[in-house]
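Chemist: Give me a 3D structure for the following:
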Amino acid sequence: MKRTNNILKVFLFIIGFSIAGISIFAYLEFLFGADNVFIGALCSIPFLLVWCINTDARLKVERQQNRES
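Modeler: Okay, here's the model as predicted:
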């Protein structure tokens with residue numbers, strides 16, 4: 001994974017990512033209503049947690065294989 005030391009690039013990425021996320025949620029709230037978007041976000045939390053756990057397990061195996069070779 002490439003690391004960057006340029007604080008300006010990191011800051012601009014965070015700002016852009018935040019604006020994009022807010023825009024997506026605002027559009028979804030316009031289409032479906034705030035209550036439906038909130039309930040959908042709450043229902044998606046368990047799936048996101050499982051996805052993170054599986055990704056972490058896969059990355060641990062890959063790191064272990066890279067150390068061994």
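Chemist: pLDDT score for Gln65?
Modeler: We have a pLDDT of 90 for Gln65.
Chemist: what separates it from Leu59, distance-wise?
Modeler: Distance of Gln65 to Leu59, computed by C-beta to C-beta, to the nearest Å: 11 Å. Where you see a C-beta, it was placed from the backbone N, CA and C, and this is true even at glycine.
Chemist: what do you get for Ile19?
Modeler: Relative to Leu59, Ile19 is positioned 29 Å away (C-beta to C-beta).
Chemist: Then Val50?
Modeler: Per C-beta to C-beta, Val50 is found 15 Å from Leu59.
Chemist: repeat for Phe13
Modeler: For Phe13, the distance to Leu59 equals 22 Å [C-beta to C-beta].
Chemist: Could you pull out the helices in this structure for me?
Modeler: Remark: helices assigned in the chain by DSSP state H are 7-32, 34-68.
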